[in-house]
Every structure is written in structure tokens, then in C-alpha cells.
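A.B. asks: the following comprises the amino acid sequence and a computationally predicted model.
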Amino acid sequence: MDANRFGCFVAERRKELHMTQKDLAAKIHVTDKAVSKWERGLGLPDINSIEDLADALDVSITELMRSEMNVNEETEQVVSDVIEVARNDIDERQRLIIYTFAATSVILAIIQMLLSIRWNADKLQMTMDVPITSYIPGLLLIIYGIVCKIKGKKAEGVIPIGISLLIIPMVIFGAAYLICALVTG
């Protein structure tokens, strides 16, 4: 895709629809600076914005990507299929990153709790802290999930994973506390 040609097409179509850059940006959940950058040929939109941009400009995805009107339906279907494959790939990578983040967070929370164990041999007591940092990953995932929902983006399973990351340290701490109570009498 030629960025200059694409930018001219977007600007022309936007003006035909009597929209400002700010109006277009609001419709597709980007900044007006991003729209300006595209229209000046200094960049191209993210693959996730293409469909929304085409809808906002009342053109097909193929017309948008080819920067010309009246493209045949067969070409349109091919482009739609390619965009769908790209989105699925992005979604799969995002899920992998989130699951890796969650697993790493649980492991680090367990290690932090184990390192916080302190024995008092005189009284046969054990204490253990649940560091506040154990809860930060869960909170971050919940916030990320909420932001995705607000923006209308996919974030399948992010909020439940975040909630799980909040609960797991509590469960581990409770189990360790019970074990310590049983061991120390």
C-alpha cells in the first residue's frame, strides 16, 4: 500500500462525508493526530483499525486498501480473509502473552511468599507475608480487560485470569497458614 495514495484517499473520502479529522478519529477510536498522519502519507493504520476505518468512510476494506472506489467482490473477499487471518494471529499472540504473564506472576508470587517465611524457634511459630506485589499482576490484567471492553477490542478471558491472580495468593497464603498452624500446634 502506498502511504501517500492511501492518505489522499482517506482525506478525500472524509471530506466527501463532511467529517473533520477529529470526527473520523472518534468513530474509529484513534487520535486526530493519527488520522492527520495517515492523510499526510506519513504512516498507515494498524490492521485492527482497517475495518473500522472502512466502515467510517463508507467504503469496502478492499477499496480502502487499494485507495480506489468500485473494486470487485472477489478481491474484497480475499482482502477480508487476509485481515481475518491477521487478526486471529494477533489475538493468538495476545493470548500467549497474557497466559505467560499470568503463569510467571503466579510463580513469582509463590516464590515471594516462600521467601517471606520467618520461623521463631523459641515459640515454634512461623509467620509469612503476602507481598502487595503479588496482587499487582491481577489488577493490571483486570484494568487491561476493562480498557479493552471500553474500546470494543477482544480480550477473551483476561478479566477472569486477573481475578484468579488476585485469588491465588490468598489461597496459597491460607493454605500455608493452615499448614503452619498444624505443624507448630
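C.D. replies: Noted; the coordinates are in hand.

A.B. asks: quick one, strands of this structure?
C.D. replies: Assigned by DSSP state E, the chain shows strands spanning 118-120, 125-127.

A.B. asks: average pLDDT for the last one, rounded please.
C.D. replies: Per-residue pLDDT values over strand 125-127 give a mean of 62.

A.B. asks: just stretch 52-65 next, same as before
C.D. replies: According to the model, stretch 52-65 has a mean pLDDT of 87.

A.B. asks: now do the same end-to-end measure for that stretch.
C.D. replies: In stretch 52-65, first residue to last residue: 13 Å (CA to CA, to the nearest Å).

A.B. asks: from the chain's centre, how far out is that stretch? Work that out for me.
C.D. replies: Remark: stretch 52-65 is offset 23 Å from the chain centroid, using CA atoms, centre = their mean, to the nearest Å.

A.B. asks: ok, residues contacting that stretch?
C.D. replies: 1, 6, 9-10, 13-14, 17, 19, 24, 27-29, 45, 50-51, 69-71, 75-76, 78-80, 83 (CB atoms under 8 Å, 6 or more residues apart in numbering). Where you see a C-beta, it was placed from the backbone N, CA and C, and this is true even at glycine.

A.B. asks: helices - which of those land there?
C.D. replies: 6, 9-10, 13-14, 24, 27-28, 50-51, 75-76, 78-80, 83 (DSSP state H).
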